[in-house]
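**Q** Just to be clear, the model below is a prediction. Sequence and coordinates:
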Amino acid sequence: MESSRKGPRINIGSVSLTVIFAVLCLTIFAVLSLSTANAERQLAEKTAQAVRNYYEADLACAERAEAVAKILPLDPRQQEEQIRQLGAEVKEDIVSFQEKIDEQQALFVKLRLEEGGFRILAWQAQNVGEWSPEEGIAVWQGN
Amino acid sequence: MKERSKTGLFLMELILMVLVFSFSAAACLRVFAYARKVSDYSEDLNEAVLKAQSAAEAYKAAGGDLEKACGTIAGSADLKEGQYRVGLAEDASQPGCAAISGGAENSAVFFFDSRWNPVPEAEACFTLRLEEANHKLSIDVEKQAAEEKLFTLQVKAVDHGK
């Protein structure tokens, strides 16, 4: 009679505790595996983008080098002018130019003009990002 | 009467907890399956980038000679006949290059299984497709079943003008 007055009750016993623990574990592992998978995907996409950016810059540099090769048969004055029009710098027989890879890197190319062609002196990715050195070490001074 | 009520409560708790567990397990399994899918995609993308990059470097090292580049790729991966297909405009005399078989001119296709091991065309899950036009090589890595492009690159070998 007394129990019917209080209405139906749910017992919280060992079964409930075990299930709550199991569900909690499952949820934690599911969230952890999802966050790991997402981090992996972000890293893979970043890597792919970095490689894509590098090869885009590489292609642009190869095309510019090819354009330089086409200019070579011209007489020296015309040659220099046309090479400058390509956005390259000319210093004696050295032609150099750069292509942006991303905000932090650029592909630098240096060519030496030779009879009938050129020799590649440098074809390398270099850092062009700003570097701000740490001025001091944040240590406790005892005050 | 008291005994029956206790048993009933225990049974009710058990049923309720089984329900709770099955709902949460179903939800968690979906999350696990999605995480697995994302993880597989990342693994495939990483492999696709590596394959495309090594093909691009082989082409550049070969000075824009696709036949030579295919020989290098096939040699380094220890590919057997049938595991890739090369279609070259000129005579495919490079050792290790398979005969022209239905490939477009100046193109090559390499076949890989789901674990990225070289396999014959019929068992392929991924393909590495190289197509050369105007001294420029387009590299596509595709998932066969979904016809999904995983990664694409374009590369050009430097012409020294000599």
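**A** Structure received.

**Q** need the next SSE after the lowest-mean-pLDDT helix or strand in chain B, C-terminal direction.
**A** Within chain B, no helix or strand scores below strand B:84-87, which has a mean of 64 by mean pLDDT, DSSP states H and E. Note on strand B:84-87: by DSSP states H and E, the next helix or strand toward the C-terminus is strand B:107-112.

**Q** Could you list the alpha-carbon positions for that following strand in CSV?
**A** C-alpha atoms of strand B:107-112 as CSV (Å, rounded to 0.1, in the frame of the first residue of the first chain):
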residue,chain,number,x,y,z
SER,B,107,50.6,8.1,-70.4
ALA,B,108,51.2,5.4,-67.8
VAL,B,109,49.0,3.8,-65.2
PHE,B,110,50.2,2.0,-62.1
PHE,B,111,47.8,-0.2,-60.1
PHE,B,112,47.7,-0.7,-56.4
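
**Q** what comes into contact with the following helix or strand past that strand?
**A** Next along the chain after strand B:107-112, taking DSSP H and E as the criterion, comes strand B:126-133. With Cβ atoms under 8 Å, 6 or more residues apart in numbering or on different chains as the test, strand B:126-133 has contacts from B:44, B:47-48, B:51-52, B:55, B:59, B:66, B:69-70, B:104, B:106-114, B:116, B:137-144, B:150. In this view, the C-beta of every residue, glycine as well, is placed from N, C-alpha and C.

**Q** Show me the residue sitting in the middle of chain A in space.
**A** Centroid check for chain A by Cα atoms, centre = their mean gives residue A:50 as the closest residue, at 4.2 Å.

**Q** List the contacts of it.
**A** residue A:102.

**Q** try 7 Å
**A** Not one residue lies near residue A:50 by Cβ atoms under 7 Å, 6 or more residues apart in numbering or on different chains.

**Q** picking that back up, show the buried residues in the contacts of strand B:126-133.
**A** B:44, B:47-48, B:51-52, B:55, B:59, B:66, B:69-70, B:106-112, B:116, B:137, B:139-143, B:150 (16 or more other Cβ atoms under 10 Å in any protein chain shown).

**Q** near chain A too, which of those residues?
**A** The subset of the buried ones among the contacts of strand B:126-133 within reach of chain A, by Cβ under 7 Å from any Cβ of the partner chain, is empty.

**Q** what's the angle between the longest helix seen in chain B and strand B:107-112?
**A** In chain B, with assignment by DSSP state H, the single longest helix is helix B:2-61. Counting by axes from the mean of the first three to the mean of the last three Cα atoms, to 10 degrees, helix B:2-61 lies at 150 degrees to strand B:107-112.

**Q** any idea of the mean pLDDT in helix B:2-61?
**A** For helix B:2-61, the mean per-residue pLDDT is 91.

**Q** Determine the set of other helices and strands touching the helix or strand just after that helix.
**A** For helix B:2-61, the following helix or strand on the C-terminal side (DSSP H and E) is helix B:66-76. Secondary-structure packing of helix B:66-76 (3 or more Cβ pairs under 7 Å, 6 or more residues apart in numbering or on different chains; DSSP states H and E): helix B:2-61, strand B:107-112.

**Q** any idea how far residue B:141 lies from chain A?
**A** Going from residue B:141 to chain A by Cβ to the nearest Cβ, to the nearest Å gives 10 Å.

**Q** In what element of secondary structure is that residue found?
**A** Going by DSSP H and E, residue B:141 is in strand B:136-143.

**Q** Determine how far that strand lies from the middle of the whole chain.
**A** Strand B:136-143 sits 12 Å away from the centroid of its parent chain (Cα atoms, centre = their mean, to the nearest Å).

**Q** Give me the sheet partners of it and which way each runs.
**A** Next to strand B:136-143 in the sheet, as set by DSSP bridges, lie strand B:126-133 (antiparallel), strand B:148-156 (antiparallel).

**Q** got the buried residues for the shortest one?
**A** Pointing back at strand B:126-133 there. Buried-residue list, strand B:126-133, by 16+ other Cβ under 10 Å: B:126, B:127, B:128, B:129, B:130, B:131, B:132.
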